[in-house]
Every structure is written in C-alpha cells, then in structure tokens.
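Asker: when you get a sec, could you give me coordinates for this:
(2 chains)
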Amino acid sequence: AQSVTQPDIHITVSEGASLELRCNYSYGATPYLFWYVQSPGQGLQLLLKYFSGDTLVQGIKGFEAEFKRSQSSFNLRKPSVHWSDAAEYFCAGAYSGGGADGLTFGKGTHLIIQP
Amino acid sequence: DTEVTQTPKHLVMGMTNKKSLKCEQHMGHRAMYWYKQKAKKPPELMFVYSYEKLSINESVPSRFSPECPNSSLLNLHLHALQPEDSALYLCASSPQPGQGGNSPLHFGNGTRLTVT
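Answerer: Alright, predicted model coming up:
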C-alpha cells in the first residue's frame, strides 16, 4: 500500500539557519507529491507540488523541495528560516492516476524556531 | 486568506444537540471534501463529493451526515455526537475530481468542535 513517511516528529532550528524536512514515499509508481503547512488553529496551505519534470520544485514563502527517485524522497528545504515559519508541516502523496481523495498524508513534522 | 470559507470557527455542543458545519467556495471547484483532524495528527478523510454527488464515505458513523446543496456549498450535519468526536473539521476543495495531483486540495481554516 502507498505510504508517506516523515521521520522527524519535531525539528528545532535557529532563526536564520537553513532547514530541511524529510519525507519518504512508498508507491508502486511515481506519485504526485505535496508539502502543506499548518499554523496553529488554521487549515492547511499548499507550499508546493511535484508532478513530473524538473525534480527541484519552487514553492511559496521561499521553500523548495527536491524529488529524488533513487532515495524515494521529497525533502523540503529553506535556506534561512524566519520565526513565522514555526508550524506543522505535512508531506502528502497521491497516485498519478487517482483523485485527490487518494491523498495520503505523513504524520507531520512540528517545526520550532529558536530566537 | 483562504478561498474556502468555513463557519462557525468554533462550536461547542452537547451530546444531544443537532448542529451543522458549513463550507463555501467560489473557485468553481467540482470536488469537495470533509476531513477530521485530531490534535497533533494529520487530517483523516471523511467524505468526498464529486460534481455534487457523494463519491466516498470513509466508513464514517451515521451521526455525521454530509450534504452538498450545490457546487459551492458543503454542509456537515451533526447529531448525537460523542466527546471523542471533538476535533478540527476541515473542508477542502479541488478543481476536478479524479485528477490526482493535478488538482491539489485547497483547505479552509476549519471548525474547532468540542462535544461536551
């Protein structure tokens, strides 16, 4: 069965430092992959998505993610974090032939920003 | 600002009450979703409407009853809930059902439901 794994439950980063959040996927074929961010008390906001083509994807708020087929990974990166980036981050995947109803979420990574 | 609007933002209800959650989008999306999210957990899919027809019900108890009156509106009717139903209920929409990642989800900010 398809799955998305986020190995880190919590990540603490100093403000201004670089960030990488890990995501691994297990699908029979290349899935569609997404990163969402959720601030406290809010819904989920789409940061970026990967369908095919260029493996380095640019998103909103200065985030990017790189699809690596050989490692079954889709890690999220940001060169310099801001205190406002503190939030819960979810990686998600969907079969390329399926609907968004087939979206599978990882368990999430809670990002803490130290001053 | 989100383009999917959910009301109310917060709801407290007793186990014998009947209440409804509302969701509205004006992006012309033809798929709408209800998710349930417990604290520190990812969202769990409850229902999917495709072209105003219920296409997926993820074995949700009958005390939750969805309704899609038109392509812009989605309701979730609640009756005889249990305290364990307390959660954040998220509505989402996507442009086309069945398009996989070509049709990513747009989420509302949710309704925080507390059942006493």
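Asker: nearest to chain B within chain A, name that residue for me.
Answerer: Residue nearest to chain B within chain A: residue A:32 (2.1 Å; Cβ to the nearest Cβ). Where you see a C-beta, it was placed from the backbone N, CA and C, and this is true even at glycine.
Asker: what's across from that residue in the sheet?
Answerer: Beta-bridge partners recorded for residue A:32 (DSSP bridges): residue A:94.
Asker: what's the local residue count around it?
Answerer: Using other Cβ atoms under 10 Å in any protein chain shown, residue A:32 is surrounded by 25 other residues.
Asker: what about the strands in chain A?
Answerer: Assigned by DSSP state E, the strands in chain A fall at A:3-5, A:10-14, A:19-21, A:24-26, A:32-38, A:44-50, A:56-58, A:64-68, A:73-78, A:87-94, A:104-105, A:109-114.
Asker: what pLDDT does the model give the residue of chain A closest to chain B?
Answerer: You'll see residue A:32 listed with a pLDDT of 88.
Asker: now do residue B:18
Answerer: Note for residue B:18: predicted pLDDT of 95.
Asker: go ahead and confirm it touches residue B:76.
Answerer: No. Judged on Cβ atoms under 8 Å, residue B:18 makes no contact with residue B:76 at a distance of 11.8 Å.
Asker: looking at these two, which one has more neighbours?
Answerer: Neighbours were counted for residue B:18 and for residue B:76 using other Cβ under 10 Å; residue B:76 has more, 23 against 12.
Asker: output the lowest mean pLDDT helix or strand found in the chain.
Answerer: Chain wasn't specified; assuming chain A. Sorting the helices and strands of chain A by mean pLDDT, DSSP states H and E puts strand A:104-105 at the bottom, at a mean of 88.
Asker: wait, chain B
Answerer: Ranked by mean pLDDT, DSSP H and E, the weakest helix or strand in chain B is strand B:53-57, scoring a mean of 86.
Asker: list the buried ones in the helix or strand that that one is followed by?
Answerer: The element immediately downstream of strand B:53-57 (helix or strand, assigned by DSSP states H and E) is strand B:64-70. Neighbour-count burial for strand B:64-70 flags B:64, B:66, B:68 (criterion: 16 or more other Cβ atoms under 10 Å in any protein chain shown).
Asker: quick one, what contacts residue B:93?
Answerer: Contacts for residue B:93 (Cβ atoms under 8 Å, 6 or more residues apart in numbering or on different chains) come out as B:4, B:25, B:27, B:29, B:31, B:32, B:33, B:105, B:106.
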